[in-house]
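Sequence and predicted model, in that order:
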Amino acid sequence: MVAAAGAADPGRRAARTMSVSRTVRIGADFAAMTGGWMVRVALGLVVSVLIARHLAPAEMGRYAFLIWLAGLLAVALSLGCPTTVTRYTAEALGAGRPGVAGALLGVVVRWQATLALAASAVMAAAALLVATPWRVPLALTALSLPSLVLHGSVAAFLSGLQAFRRQALLGVATLALQIALFALVVLVDGGVAGFVLAHAVANAAGLAAVAALARSHGRAAGALPASPLTSPARAEMLRYARSVSALVVLDAVVWQRTEVAFLQWMSSPAEVAFYALAFGVAAQVARIPYQASLVLFPSFPALVGGGRVAELAALHATATRYLVLLGAPLAIGLAVTAPGLVHLLWGAAYAPAGLVLAVLALGSLVAFAAGASPAVLHALKQQDRLLRQGLLAAAVDLALAVTLVPLAGALGAALANVAAQGLGSVLAIRAAVRAAGAAVPAAALARIVAAAALMGAAALVPVVTFGGGAGLLMAIVVGALVYPLALRVLHAFTTEDLDRLRALVERLPVPARSRSLALAGFLCGEPSRAGSP
């Protein structure tokens, strides 16, 4: 028995060492991605203000439709390749065969380049058949397609290598270039066509930069130059890509603003603008939980590749808690400040977008909780479950959009989107829980959401009392103070949270450690083990 215990101790120590190492790595990657996100959000708001203040709502609606069309076509043309690249790159690294990842990337890039160039040519030719105001903007939109399609797979390769930090810097640099180009468009009064051309130039520059970064990281990881790809491995990856492709198309219906098409068809261009602007802000705010899920995604197939499938359940439960911990205050805080934010950024002409933004923000809560669930199913090669769920969610989205858009315009589109995303998210969580054998930490999630609700109530006071920019600024300050205190009062943190915080704080500069440790201990209070993963 003593010998057995001695043998078990090294195993437990090794498991704890791997857990701490994973916490530090994921925390550092997430911090880098979040830092980049914060800068991109600020720059993105500048972009939206430049466009909305320069274009009337009707022109803004036309521009928003073209950008949505380019994004949707890029997703459809990608056909599951980015997900395939990330999954198999992470698994190949976990199994000690990095050269396979480089070989897969080469196959995907060659195939996608051919497909994207052909689609771009077809779109440019189709521009000759549309009404005059749409011709030049649509032809210029076609220029963005190859860059958007290829960027997705190259960035997915970097994600599979778990190289997130320089990606964040590249995202900031690309957006800064876009702002400079947009400012030039405003100066020369380039209109919708000028903004679309600026998008194409910025997308091409972003692709060139991310390709150079992928080459550098790929060589460092041993993925480049690529190893020969065996026929069985190639066939397996292609089967996986085919199975994911239908899922990607269905996800595009639910997650890629498909309601814009119904607004263009059944409502006014101004309603397209209201929905597109609100959706854009809601999507940017949702980037923090999304960045966390993006950082976490490679960890799941890496566990499978390393033969550690038993750890999937615990990682999924932990990821769910942290995604809600990050997402709940953002969703509720954005809903509270939405009308004032819309008026401040875009002016009174876009006031109807305020309620639309509030609905989209609140509806994102369930989606945040489901952020890590697809990764579990992809890691276990059970993505067919997501396909069935996607069919149902897409059907609900389309049916509700057809019904609600003629009645309520942009608000109806938001309600359709929220309902479909909520349904898809709940089904994804259920499937992941069954596949990984884990339970949803419902009590812990309830405490987190309750803390966010208290924060929202407190932040609403300065919004109503003062209004304007001062009220919004005070609401942010109040929310930032109240949320962590509410988490402490409601015992939303666990002892495992404190251990993870300590592991991260120990990597900070020495002068900051003691105060950071004291703050972490204060916020955790008397940690509760209830609901801990």
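Structure received.

How much space separates G102 from G347?
In this view, G102 and G347 are 50 Å apart by CB to CB, to the nearest Å. Heads up, the C-betas are built off the backbone N, CA and C, glycines and all.

more neighbours, those two?
More crowded of G102 and G347, by other CB atoms under 10 Å: G102, with 23 against 12.

Point me to the helix or strand that includes the more buried one.
In this assignment (DSSP states H and E), G102 forms part of helix 98-126.

what does L519 give?
Assigned by DSSP H and E, L519 belongs to helix 510-524.

before we move on, what about V46?
Using DSSP H and E, V46 falls within helix 2-54.

Give the buried residues for the helix or strand just after that helix.
For helix 2-54, the following helix or strand on the C-terminal side (DSSP H and E) is helix 57-78. Under the neighbour-count criterion of 16 or more other CB atoms under 10 Å, helix 57-78 has 57, 59-75, 77-78 buried.

Stretch 231-246 too?
For stretch 231-246, a neighbour-count test (16+ other CB under 10 Å) marks 233, 237, 240-241, 243-246 as buried.

any idea how far A214 is from A226?
A226 sits at a distance of 12 Å from A214 (criterion: CB to CB).

which neighbours do those two share?
Common contact partners of A226 and A214 (CB atoms under 8 Å, 6 or more residues apart in numbering): L105.

quick one, which of the two is more surrounded?
Counted by other CB under 10 Å, A226 and A214 do not tie: A214 has more neighbours, with 24 against 17.

in what helix or strand does the more buried one lie?
Here A214 sits within helix 191-221, counting by DSSP H and E.

Quick check: next helix or strand after that helix?
Next along the chain from helix 191-221, counting by DSSP H and E, comes helix 231-255.

tally of neighbours for G190?
Residues near G190, counting by other CB under 10 Å: 17.

looking at it, it is touching L197, isn't it?
Yes. Using CB atoms under 8 Å, G190 makes contact with L197 at a distance of 7.4 Å.

Report pLDDT for A261.
For A261, the pLDDT comes out at 90.

By mean pLDDT, flag the weakest helix or strand of this structure.
helix 2-54 (a mean of 62; mean pLDDT, DSSP states H and E).

before we move on, the earlier item: mean confidence score for the helix holding A214?
94.

what do you get for stretch 147-160?
What stretch 147-160 shows for mean pLDDT is 93.

quick one: buried residues of it?
Residues of stretch 147-160 classed as buried by neighbour count (16+ other CB under 10 Å): 147-160.

Also stretch 269-280?
Under the neighbour-count criterion of 16+ other CB under 10 Å, stretch 269-280 has 269-280 buried.

cool, stretch 178-193 as well?
Using 16+ other CB under 10 Å as the test for burial, stretch 178-193 gives 178-179, 181-182, 185-186, 190-193.

Turn those into a markdown table, columns for distance to V477.
Conversion of those to a markdown table gives the following (distance: CB to CB, whole Å):
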| residue | distance to V477 |
| --- | --- |
| Q178 | 30 |
| I179 | 27 |
| L181 | 34 |
| F182 | 30 |
| V185 | 35 |
| V186 | 32 |
| G190 | 39 |
| G191 | 39 |
| V192 | 38 |
| A193 | 42 |
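
My guess is L387 contacts S243. True?
Yes. At 7.2 Å, L387 counts as touching S243 under the criterion of CB under 8 Å.

Quick one: residues contacting H378.
Neighbouring residues of H378 by CB under 8 Å, 6+ apart: 83, 87, 244, 297, 300-301.

Tell me the one among these nearest to A313.
Distance to A313 across these (CB to CB) is lowest for F300, with 10.9 Å.

Once you drop chain neighbours, what's closest to the closest one?
A379 (3.8 Å; CB to CB, 6 or more residues apart in numbering).

phi, psi of G371?
For G371, the backbone dihedrals are phi -60, psi -40 (criterion: degrees, to the nearest 10).

Report pLDDT for it.
Reported pLDDT at G371 in the predicted model: 84.

For I429, give its distance to L445.
11 Å.

So for these two, which residues contact both of them?
Counting by CB under 8 Å, 6+ apart, the contacts common to I429 and L445 are 320, 369.

what about the closest residue to A286 other than its chain neighbours, how many residues close to it?
Leaving aside its chain neighbours, A286 sits nearest to S364 (5.4 Å; criterion: CB to CB, 6+ apart). Counted with other CB under 10 Å, the neighbours of S364 add up to 27.

residues contacting S364?
Taking CB under 8 Å, 6+ apart as the criterion, S364 is in contact with 282, 286, 327, 331, 418, 421.

One more pass at 7 Å, please.
Counting by CB atoms under 7 Å, 6 or more residues apart in numbering, S364 makes contact with 282, 286, 327, 331.

just L427 next, same as before
Taking CB under 7 Å, 6+ apart as the criterion, L427 is in contact with Q389.

Would you map the helices across the stretch 351-500 of the chain?
For the stretch 351-500 of the chain, the helices defined by DSSP state H, counting those that start in this stretch cover 353-369, 373-379, 384-408, 410-436, 442-465, 468-489, 495-505.

what's the angle from the fifth one to helix 468-489?
Note on geometry: by axes from the mean of the first three to the mean of the last three CA atoms, to 10 degrees, helix 442-465 and helix 468-489 are set 150 degrees apart in direction.

Could you do the fourth one as well?
With the same axes, to 10 degrees defining the directions, helix 410-436 sits at 20 degrees from helix 468-489.

For helix 410-436, list every residue counted as buried.
Within helix 410-436, the residues scored as buried using 16+ other CB under 10 Å are 410-429, 431-433, 435-436.

Centre of the chain to that helix, how far?
Offset of helix 410-436 from its chain centre (CA atoms, centre = their mean, to the nearest Å): 15 Å.

Could you measure from L423 over to T230?
40 Å.

Got the domain ranges for this structure?
With domains defined by automatic domain parsing, the chain comprises 35-256, 269-288+296-451.

From those domains, pick the one with the highest average neighbour count.
Counting by mean count of other CB atoms under 10 Å, domain 269-288+296-451 has the highest mean neighbour count of the domains of the chain, with a mean of 22.

how long is that domain end to end?
39 Å (CA to CA, to the nearest Å).

And stretch 480-498, by the same measure?
End to end - CA to CA - stretch 480-498 spans 20 Å.

Tell me the buried residues in that stretch?
Residues of stretch 480-498 classed as buried by neighbour count (16+ other CB under 10 Å): 482-484, 486-488, 490-494, 496-498.

Nearest to P133 among those?
P133 has its nearest neighbour among these in Y483, at 46.8 Å by CB to CB.

Roughly how far does that closest one sit from L460?
Y483 sits 14 Å away from L460, going by CB to CB.

same deal with G479?
Distance, G479 to L460, using CB to CB: 10 Å.

What residues does A202 make contact with?
A202 touches 174, 177-178, 181, counting by CB under 7 Å, 6+ apart.

Present these as TSV; the columns should include distance to T465, secondary structure and pLDDT.
As requested, those are arranged in TSV below (distance: CB to CB, whole Å; DSSP: H, G, I helix; E, B strand; the rest coil; pLDDT from 0 to 100):
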residue	distance to T465	secondary structure	pLDDT
T174	39	helix	89
L177	40	helix	93
Q178	37	helix	90
L181	40	helix	95
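
Which of those sits closest to Q112?
Comparing the contacts of A202 against Q112 with CB to CB places T174 closest, at 19.5 Å.

you'd agree the residue nearest to F300 is up against P301?
Yes. Using CB atoms under 7 Å, A379 is in contact with P301, at 4.4 Å.

residue contacts, the closest residue in space to V309 that isn't next to it in sequence?
Once flanking residues are discounted, V309 sits nearest to L303: 6.6 Å by CB to CB, 6+ apart. L303 sits next to 309, 311-312, 379 when contact means CB under 7 Å, 6+ apart.

Done for today, thanks.
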